[in-house]
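**Student:** Give me the fold of what follows.
(chains A and B)
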Amino acid sequence: MKYRASSYKLLITIGVFVALEIISIVMITSNSILQRYLIMDGVRSTQVFFWKKSESIRDFFTLRGANQALQEENAMLRAKLSQVENYMEDHREEIETYEGLYDFIPATIIKNTPNKQHNYLILNRGSKDGVRTEMGVVTHNSIVGVVSAVSENYCYVISFMNKNQKVSAMISGTEYFGLLSWDGHSKNDATLSEVPLQSMAAVGDTVSTSGYSTIFPPDIPVGTITDIKEVSGMYKDMKVELFQEIRSLKYVYLVQRHDQEEIDALSDSQKADKQ
Amino acid sequence: MTTDIKRLVVYVVVILIQIIAGNHINLGPLVYICLLPILIVNLPLDQEPYFSILISFGLGLAVDILSDGVLGLNAGAAALTSLVSKPLFYPIFQKNNYSKKYIPPIRESGILPHINYMSVMLLVFFVFYIAFDGFTKTAFVTSVLRLAVNVAVNLAMILILDFSFFNDKR
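**Tutor:** Predicted coordinates:
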């Protein structure tokens, strides 16, 4: 009798354990869809409320540093603007073709998880500001991530510091490009992989966005090459030190091509034709 | 204050420390501060194991929801840790005839059994945590490094908490 009672207890324990593990694994594996759209919808709204409060306290204490960084960026942008104005004067006809190709929406990061393997950010811009999924997030010298989900007032961004995120990037001044991804553990190192063997890149060269995807504009400088190694005699992998640490960012820009809908429609129609 | 109320207060304080540490202390992508194992091993030994597993799962889920983690990650790891906590307690502590209500404090058993026990608990916890947080074959070395670093860092923190909060005479 005693043996039977202890067997029941053991069965109950194993049953409870298995049920709870199944629940937790379902929650984990559903993280990207279920968590985002169902369970986390309510939880995130509450979290965002508290994050905003704690961020505003933090902002108060970091305001001076943020102002200084913005002033420096402003000065740099003014210098660039002056250069661009001169360039435009000389190449007016050529430039008119690309003018106004991208929309930029300024945004503030209200949540940033810099210390995980699958990092994400939450920005204070949502569908009412014109934000849509698949928009890129950048600064003047970094790629920050890609918008993955949008609510009315906020958007959820898969950070570049996420092991699943890969961005097309090229060695500035050349036509050689590869896939830029975070190395998974450094604060501001990334890997530019699968660069053709014949590329003549050297340590110290700048890496910038290629513009071959429609998510990020071309020619945003993101970092410099610090190491190059040949992989299996097939291509080169390059270690890139990023110009900007994503964890220290506060202000970013959401970016989208004007003609994104036209490109998507064309792409969809091609897929439909193939089916 | 009775021992049980004291314990409840300590549990709330440790959970708060865990949430604040998880959200505001940034030690890089390799390190995740996790104090849950100290709470799991200090659950009463004489209660039904399934009840301990349920409580551990609840504690983990609370941390998942209140911090910015992946929902279910701490909860699943906590349930697994709770499952093995009692079976592993006896081989490590059995040679002494202690009361079975709670694990003996450091002042009674000495620090070595606690280091052994907490290390194993942390290892179990982080094997689950890292496996489901993003283990891939290509990131094997990083995952092993994460496991080692997390066990070491959290062992130090947990021993400090163990000594500070759970060292009273039982």
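
**Student:** Contact distance from chain B - what residues of the stretch 101-250 of chain A qualify?
**Tutor:** A:111, A:113-119, A:161, A:163, A:184-185, A:187, A:247 (C-beta under 8 Å from any C-beta of the partner chain). All C-beta spots, glycine's among them, are computed from the backbone N, C-alpha and C.

**Student:** Just the buried positions in stretch A:140-149, please.
**Tutor:** A:142, A:143, A:144, A:145, A:146, A:147, A:148, A:149 (16 or more other C-beta atoms under 10 Å in any protein chain shown).

**Student:** tell me the helices in chain A, going along the chain?
**Tutor:** Assigned by DSSP state H, the helices in chain A fall at A:2-29, A:40-90, A:92-96, A:260-274.

**Student:** In JSON lines, list these along with distance to residue B:117 and mean pLDDT.
**Tutor:** Listed next are the helices of chain A as JSON lines, based on distance: least, C-beta to C-beta, whole Å; pLDDT from 0 to 100:
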{"stretch": "helix A:2-29", "distance to residue B:117": "20", "mean pLDDT": "82"}
{"stretch": "helix A:40-90", "distance to residue B:117": "34", "mean pLDDT": "74"}
{"stretch": "helix A:92-96", "distance to residue B:117": "69", "mean pLDDT": "55"}
{"stretch": "helix A:260-274", "distance to residue B:117": "57", "mean pLDDT": "73"}
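
**Student:** Which of these sits closest to chain B?
**Tutor:** Chain B sits nearest to helix A:2-29 of all the helices of chain A, at 3.0 Å, using C-beta to the nearest C-beta.

**Student:** just the angle between that closest one and helix A:40-90, please?
**Tutor:** Put simply, helix A:2-29 runs at 20 degrees to helix A:40-90, going by axes from the mean of the first three to the mean of the last three C-alpha atoms, to 10 degrees.

**Student:** buried residues in helix A:2-29?
**Tutor:** Quick answer for helix A:2-29 (16+ other C-beta under 10 Å): A:13, A:16, A:17, A:20, A:21, A:23, A:24, A:27, A:28.

**Student:** The third one contacts residue B:51, doesn't it?
**Tutor:** No: counting by C-beta atoms under 8 Å, residue A:17 sits too far from residue B:51 to count as a contact (11.7 Å).

**Student:** Enumerate the residues of chain B near chain A.
**Tutor:** Checking chain B against chain A by C-beta under 8 Å from any C-beta, the hits are B:26-32, B:48-50, B:53-54, B:57, B:60, B:65, B:68, B:70-73, B:75-76, B:79-80, B:83, B:132-134, B:136, B:139, B:142, B:145.

**Student:** May I see the ChimeraX selection of the buried members of those residues?
**Tutor:** In ChimeraX, a selection of the buried entries from the residues of chain B next to chain A looks like this (16+ other C-beta under 10 Å):
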select /B:26,29,30,31,32,49,50,53,54,57,60,65,68,70,71,72,73,75,76,79,80,83,132,133,134,139,142
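
**Student:** Mind checking which of the residues of chain B next to chain A land in helices?
**Tutor:** Among those, DSSP H puts B:49-50, B:53-54, B:57, B:60, B:65, B:73, B:75-76, B:79-80, B:83, B:132-134, B:142, B:145 in helices.

**Student:** Tell me the gap between stretch A:162-179 and the middle of its chain.
**Tutor:** With C-alpha atoms, centre = their mean, to the nearest Å as the basis, stretch A:162-179 stands 13 Å off its chain's centre.

**Student:** Take it, keep the C-alpha atoms, and write them as CSV.
**Tutor:** Presented in CSV, the C-alpha positions along stretch A:162-179 are these (Å, rounded to 0.1, in the frame of the first residue of the first chain):
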residue,chain,number,x,y,z
ASN,A,162,21.2,39.2,-32.8
LYS,A,163,22.7,36.0,-34.0
ASN,A,164,20.1,35.6,-36.7
GLN,A,165,20.6,39.0,-38.2
LYS,A,166,22.7,39.3,-41.4
VAL,A,167,23.1,42.5,-43.5
SER,A,168,24.6,42.9,-46.9
ALA,A,169,27.7,45.1,-46.7
MET,A,170,30.6,46.1,-48.9
ILE,A,171,34.1,47.2,-48.7
SER,A,172,33.9,50.9,-49.4
GLY,A,173,35.3,52.0,-52.7
THR,A,174,35.1,48.5,-54.2
GLU,A,175,32.4,46.3,-55.7
TYR,A,176,33.1,43.4,-53.3
PHE,A,177,30.4,42.7,-50.8
GLY,A,178,29.5,40.0,-48.2
LEU,A,179,27.2,39.3,-45.3
